[in-house]
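**Q** Model the structure of this input:
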Amino acid sequence: LEGSSLTWPAFASGKVLVRNLKTLAAVSISEGKVAATVAESADHAFGRWVASLETVDDRKAAVDAFVGAQASIPIVEGGFVHFLYRGEGQDLAITGSMNDTGGPLPMTPVEGTDLFYRTFELPPGGRYEYAYQVDYETWKNDPFNDRMVPATEGEEPLSELVTPGYVLADHLGEPTGPRGTIESFTLESKILEGEKAIQVWLPPGYASGDREYPMLIVHDGKAWLEKGKIDVALDNLAGKSFAPAIVVFIDAAGQWWTEAGGSNTENYIRMQVEELVPAIREKYRVTDAEGAHAVLANRFYTIPAAAVAVRHPELFGAVALQSTFLGLGFEDELLADLAAGRGRDVRFYFDWNRYEERNIDRGWDAARDSRVLAKAIEDGGYAMTGGEVLDSAGWGGWRNR
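**A** Below is the predicted model of the structure:
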C-alpha cells in the first residue's frame, strides 16, 4: 500500500487482506526467494559478486573475504549504494532518508551466511541518514560505519553516509582561536503566562570592549546547541565569515507545536518583540540600528521565525530558514503576509533537502511544504537565496550548511 495499514491484516481463502483509508489489497503467499529490487538486479560489480555465490561451496568464507576487502561500507559503486549488515537475526530491514516511503524496507539475506544487503540507486554527492532493524524489533546503527549524527527526534543517533562529491564544511571542528561564552537566564513572560529558558552566546572580546552588536535569535535553541553544534560553528566563524554578533537561543516549549505554528504562535511572536528583545537590550550591548538583527529556525519553528521578521522589519532585516512544515494553522497568516509584501525589505535565506522528512499516512512532506513557502517568498517580491540541496533531513545537513 502507499502508506501503512490502519487495521490488522485479515486472512481468508488463502490470502492476506490489508487496507488503509484509500486502498484494499489481497496478497497471495508463495514460497520463493526474496525478490530483488530493481537496483539490486541491475548490472554492477556487487550484483555479479552476489550471483557468483551460487557456485561457491563455502559461502561464509567468501563473504568474509569480500567484506574484508572493502575499503568502506556501505559500498558506493557509481550511482549505486550497497548497504550491508552482518549479524544474528532472521529478518533485517533498513530505514533511512533514501527510502521514499519513510518506513523500513526488507534486506535480502545471503543464504548460508549472516549477511544481509539492500541496494539503492542514488545520485552522487548526497548525504544520507539510516539505521537497521533486526527482526523488525531492535534498532541498530551500522557496525561497519562509525559516522553518526543526532536523530531529529529521540536520543539514539543515526548512521550517516556521505557519498563522493558531498562537501563537508570545516566549521564544526574543534575551534583553535578565541571562543565565545554562553550565559543563561529565565525570561518571565506575561504574554505566554510562563517562563522561557534563554541562553546567550557572547562573541570573543565582548567582556573587554564597549561596542554594540547585532543580534541573532535562534528558535528551538536547545536543539541547535546540543544537536546543531552551533556554538562550535560560531566560535570558528566569528570575525571571519560573519561579523561578531550576540546570539540568543530560545528553548522550545514542552508543547512546542502550540507556538511553532499552532494556537499560541501569535503570543510567541509578541513575546519576542515585546519582552525578549527589551530584556536582551537591558542586559547586553545590542545595537538599536533599524533592521540590524536576524532570526534563524528550522522545521516547524520556521513559521514564527519568518512571521516575526516580516511583521517587524524595524528589528529584523534578515531571516534564515531550513526545511519548513506547514499544516499547524498559522502558516495561512504568514502566507497572507508574504502575498501582501509585508516587510518586503527583509532578506531570506531558505534551504531544504531533496530527501526530507515525510509521512505518507499523515500527509506531511517537508520538501513539498518548503517549495510552497519558497514560491510564496519569491512571489511576494522578497530577496531570497538558497533552494533545494542534495541532502537529507537531519542535523548533519542543517548544521553543515
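
**Q** For the rest of this, base every contact and every neighbour count on C-alpha atoms.
**A** Will do.

**Q** For stretch 370-388, give me every contacting residue.
**A** With Cα atoms under 8 Å, 6 or more residues apart in numbering as the test, stretch 370-388 has contacts from 323-325, 335, 338-341, 344-354.

**Q** out of those, which are buried?
**A** When those are checked for burial by 16 or more other Cα atoms under 10 Å, the buried set is 323-325, 335, 338, 341, 344-354.

**Q** Helices of the stretch 251-400 of the chain, residue ranges please.
**A** Taking DSSP state H, counting those that start in this stretch as the test, the helices found in the stretch 251-400 of the chain are 256-259, 265-271, 277-283, 302-311, 331-339, 366-379, 395-400.

**Q** These: which one's closest to residue 119?
**A** Proximity to residue 119 (Cα to Cα) singles out helix 395-400 among the helices of the stretch 251-400 of the chain, at 22.5 Å.

**Q** and that closest one, what other elements does it pack with?
**A** Helices and strands touching helix 395-400, as assessed by 3 or more Cα pairs under 8 Å, 6 or more residues apart in numbering; DSSP states H and E, are absent.

**Q** so where is the stretch 1-150 of the chain shaky, pLDDT-wise?
**A** Applying pLDDT under 70 to the stretch 1-150 of the chain picks out residues 3-6, 32-35, 101-102.

**Q** Could I get the phi/psi values of the residue nearest to residue 60 when sequence neighbours are not counted?
**A** Distances taken as Cα to Cα, 6 or more residues apart in numbering place residue 113 nearest to residue 60, at 5.4 Å, with adjacent residues excluded. Backbone torsions of residue 113, given as degrees, to the nearest 10, read phi -140, psi 180.

**Q** can you pull the contacts of residue 113?
**A** Neighbours of residue 113 in contact, by Cα under 8 Å, 6+ apart: 59, 60, 63.

**Q** who wins for neighbours among these?
**A** Most neighbours among these, by other Cα atoms under 10 Å: residue 63, with 19 neighbours.

**Q** distance of that one from residue 331?
**A** Distance, residue 63 to residue 331, using Cα to Cα, to the nearest Å: 53 Å.

**Q** now swap in residue 356 and tell me
**A** Here the criterion is Cα to Cα. By it, residue 356 lies 19 Å from residue 331.

**Q** Next: residue 337.
**A** For residue 337, the distance to residue 331 - Cα to Cα - is 10 Å.

**Q** Residue 164 too?
**A** 37 Å.

**Q** neighbour-wise, which of these two wins?
**A** Between residue 164 and residue 331, residue 331 has the larger neighbour count (other Cα under 10 Å), namely 21 against 12.

**Q** wait, what's in contact with that one?
**A** Going by Cα under 8 Å, 6+ apart, residue 331 touches 261, 303.

**Q** cool, and residue 181?
**A** Residue 181 is in contact with 201, 202, 203, 204, counting by Cα under 8 Å, 6+ apart.

**Q** Kindly report the same for residue 238.
**A** Neighbour list for residue 238: 203, 244, 245 [criterion: Cα under 8 Å, 6+ apart].

**Q** what does residue 161 give?
**A** Per Cα under 8 Å, 6+ apart, neighbours of residue 161: 74, 127, 128, 129, 147.

**Q** In the sheet, which strands lie alongside the helix or strand harbouring the third one, parallel or antiparallel?
**A** If I follow you right, that is residue 128. In the assignment (DSSP states H and E), residue 128 maps to strand 127-134. With DSSP bridges as the test, strand 127-134 is paired with strand 92-96 (antiparallel), strand 138-140 (antiparallel), strand 158-162 (antiparallel).

**Q** Perfect, I'm done here.
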